[in-house]
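Enquirer: Pasted the sequence and its predicted model underneath.
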Amino acid sequence: MSSVWARRLSAMGLGALCAASISWALRTPAVAGANASATEFSAERAMRHVRAIAKGPHPTGSPAHLEVLAYLQSELRALGLTPHVQDVIGIGTRFAVAGRVRNVLVRLPGSSPGGRAVLLMSHYDGVPAGPAAGDAAAGTAALLETLRALRAGPALVNDVIALFSDSEETGLLGAAAFAKEHPWARDAAVVLNFEARGVNGPSLMFETGAGNLDVARVLRGVPGARGTSLSTAVYRRLPNDTDLSEMAVLGLPAMNFAFIGGEDRYHTTEDDVAHLSMGSVQHHGVQALALARAFGNGALPRPATPDAVFFFAPFFGLVVYPESWAIPIALLAIVLVFVPIMRRPAGEPLRVRPVVFGAIEAVSAVLVAVFVGYGIGAGLTSFHVSLGSGAPRWSGWYAAAIALFVVAIVQFMSAAARRWLGSTSYAGTLLAWALVSLAVAYAIPGASFLFTWPVLLAALAWAVHAMSRSAGHAVVPVAVAGVVVVIVPTAWLMVGVALGLDAVGGVVLAVLAGMASALLSPLLTFIEGKNQWRGPASTAATAAAVLCVGLVTVRTSVERPTTGVLAYVTDADSGGAWLTGYASNGAGDWLASSLRAARIDSAMRVPMPVAIRRLTRGPAVSVRPTPTARRAPSVTVLKDTVVERGRLVVLRIKPSADTWSIGLQMDTGTVIDATVNGKTVDRSRYRRTQARWALEFVAPPDTGFVLALTTPAFSTAVLGISARASGLPPLPGVTLPPRPAGVLAIQSGDIAVTYRRVRF
Ligand SMILES: [Zn+2]
């Protein structure tokens, strides 16, 4: 075989391996049909539940939500189970929210019933904007189908509790009420939660409780499981929450699963059955069922273990080991770099200079790459903002362009280093990355695998090659495969699917692509052939071409939708009314034309009060008030006394018709303590410290709720009260432009807000 063909085949092999690794990472299991064996999980059977639950929006407390509640109970009864409803006022401990929740619970007795149990959970409420097929009808349906499959098989040793939690979207209220008040919370020994942040893709295990070595080992037994200690380490540092944040107070071993592909439909009108991937439902279900069986037949409570390093590698499955191994493995990589340097042929001098300068070159290359990645990521974001169309975050073209630019930079700089220092400069590259891997192993052990294993495998290949030239070629493919299968799938899932490509995503991608190409630089040199400058030039040209494809094709469209919402706001005290809204990139024109259409003559305009301004995000215009839209809640003072700690004011707040939630906010004055229906509002675990006291009450009953506030003695206070209802009221004499295709309602959707103040 001529060397030209060997080079071409190597290049194609490398490209094919990268593509295969990415497609493996994104793969979901084959969907099991409705006629699959009764003890198996079938997404097709689960889809019957998804279609029933995600018929339309079903936010907590709405009539559609009560229909879903009834559906769950009847389906559970049909399985021969006895569901019960925990119907209480829930108080959030992560967010300033309270509200009525109705958790649905069932218990599948094991062969030794009544002891510790496996807890499966998913929330059955959805955001008001959409039918919530992915988030989380898919999880709810997966649990129903899992319970059916468990009933069809032999009884497990331990009990299984299924919690269909309520009010996750409004502040994790159902999970908080269960963890704090339900007796079964004490019985749970391991928690498995099923969620979504999108409509497709594999169900990733992205978060765990503390000490996850044990659960990661159990997860390893589930074929197709996709999870990394990188995501659990990153997630612990992110301000994100699911029901598991409330369950954390129980201190139990736990795993959280979510599919996160198609983020542009998350919490929108198009989180619907039509866009939901059945493969994602299947992946949720096979893991729920396999883990329910594994934990259900295993020892409960689980043994206490330290945290683990774990990751998935295509064709290997999950690799799991204790965090305490991270530093020794990183040290082993350093030793492998040094062996060939020290064991040189007799008489040859020890050459330190190429190693040191090679290391400096490797560090410089990645710094340049980071700068380029950040610049392109930030530049693309501002380009699309100025264009008013397109979301660069989820573009594979842009991700590929950044990765290729980084490869070109590393190719160029390592070719320059080789010219100047000779091929020993590669030892410096390995040493630099081995030291990075050691630092990561020390600081964030969960992320160490991403650095340590590629460096270790590349160093092994280099050591064998340097010490016996004949065997060297045989280990190169092993090292290449190791570098690619460890870095590429995780990098793609992390940047292309989880984080998205902005300035930060660009930096992460640049570091990983920079490391991979630096470690593979001997192979890239081989592919380049004699002309060491043509390689980087042609990679850069390819990157530019791919970038151009992105610049021309990345646009907001029906396939790649954007989001926007409108809010009609009235001040019940002054009679002023405004239309306001929020638009993501690509929906700005629609928002502007809506506000233009509703705006009234300048003589009649009323400025929006500061207290209301604080509640709204986007631009606002004064509009004609619609008397029918005044839905101010009624407030009755039940008690106003001096107590030991100050002044106690007890209020009954009653919603008017159609009110979905009531926001309370101290405009003037401070709150020492608050209770809702006699339950203390605990602020000690809040995500954000509050500048002024506030609390939202979701799904208020018609009879309202009792709010007791302790304020400083002899103080006066102004409490702002805003009632939110779904949908805009008809605006007299105004025709709003229709929402264009490709502009989706998100979160609360269009809403009407009525504001009033109470002084006491
Ligand atoms: Zn959710």
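Expert: Right, received. Where do you want to start?

Enquirer: CA atoms for contacts and neighbours, from now on please.
Expert: OK.

Enquirer: just checking, Arg759 touches Ala717?
Expert: Yes - under the criterion of Cα atoms under 8 Å, Arg759 makes contact with Ala717 at 5.8 Å.

Enquirer: And the two? Which one has more around it.
Expert: Counted by other Cα atoms under 10 Å, Arg759 and Ala717 do not tie: Ala717 has more neighbours, with 18 against 10.

Enquirer: Could you find the closest non-adjacent residue to that one?
Expert: Gly669 (4.7 Å; Cα to Cα, 6 or more residues apart in numbering).

Enquirer: any idea how far Thr556 is from the one you found?
Expert: According to Cα to Cα, to the nearest Å, Gly669 and Thr556 sit 45 Å apart.

Enquirer: more neighbours, these two?
Expert: Between Gly669 and Thr556, Thr556 has the larger neighbour count (other Cα under 10 Å), namely 22 against 14.

Enquirer: can I assume the more buried one is in contact with Arg393?
Expert: No - counting by Cα under 8 Å, Thr556 does not reach Arg393; the two are 12.0 Å apart.

Enquirer: so what's the backbone phi/psi at Thr424?
Expert: phi -60, psi -20 (degrees, to the nearest 10).

Enquirer: What of Ala32?
Expert: Dihedral pair for Ala32: phi -80, psi 130, per degrees, to the nearest 10.

Enquirer: who's in contact with the closest residue in space to it that isn't next to it in sequence?
Expert: Closest residue to Ala32 apart from its sequence neighbours, by Cα to Cα, 6+ apart: Ser42 at 4.6 Å. By Cα atoms under 8 Å, 6 or more residues apart in numbering, the residues touching Ser42 are Val31, Ala32, Gly33, Ala34, Ala36, Glu145, Gln282, Gly285.

Enquirer: Output those residues as JSON lines; include the columns distance to Ala225, neighbour count and secondary structure.
Expert: Below are these laid out as JSON lines (distance: Cα to Cα, whole Å; neighbours: other Cα atoms under 10 Å; DSSP: H, G, I helix; E, B strand; the rest coil):
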{"residue": "Val31", "distance to Ala225": "15", "neighbour count": "18", "secondary structure": "coil"}
{"residue": "Ala32", "distance to Ala225": "17", "neighbour count": "18", "secondary structure": "coil"}
{"residue": "Gly33", "distance to Ala225": "21", "neighbour count": "13", "secondary structure": "coil"}
{"residue": "Ala34", "distance to Ala225": "23", "neighbour count": "15", "secondary structure": "coil"}
{"residue": "Ala36", "distance to Ala225": "21", "neighbour count": "14", "secondary structure": "coil"}
{"residue": "Glu145", "distance to Ala225": "19", "neighbour count": "26", "secondary structure": "helix"}
{"residue": "Gln282", "distance to Ala225": "12", "neighbour count": "27", "secondary structure": "helix"}
{"residue": "Gly285", "distance to Ala225": "12", "neighbour count": "27", "secondary structure": "helix"}
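
Enquirer: which ones are touching Val104?
Expert: Counting by Cα under 8 Å, 6+ apart, Val104 has contacts Leu69, Leu72, Gln73, Pro83, His84, Val85, Gln86, Leu163, Phe164, Ser165, Asp166.

Enquirer: Filter these down to the buried ones, ChimeraX style.
Expert: If you want just the buried ones from these in ChimeraX, going by 16 or more other Cα atoms under 10 Å, the selection is:
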select :69,72,73,83,85,86,163,164,165,166
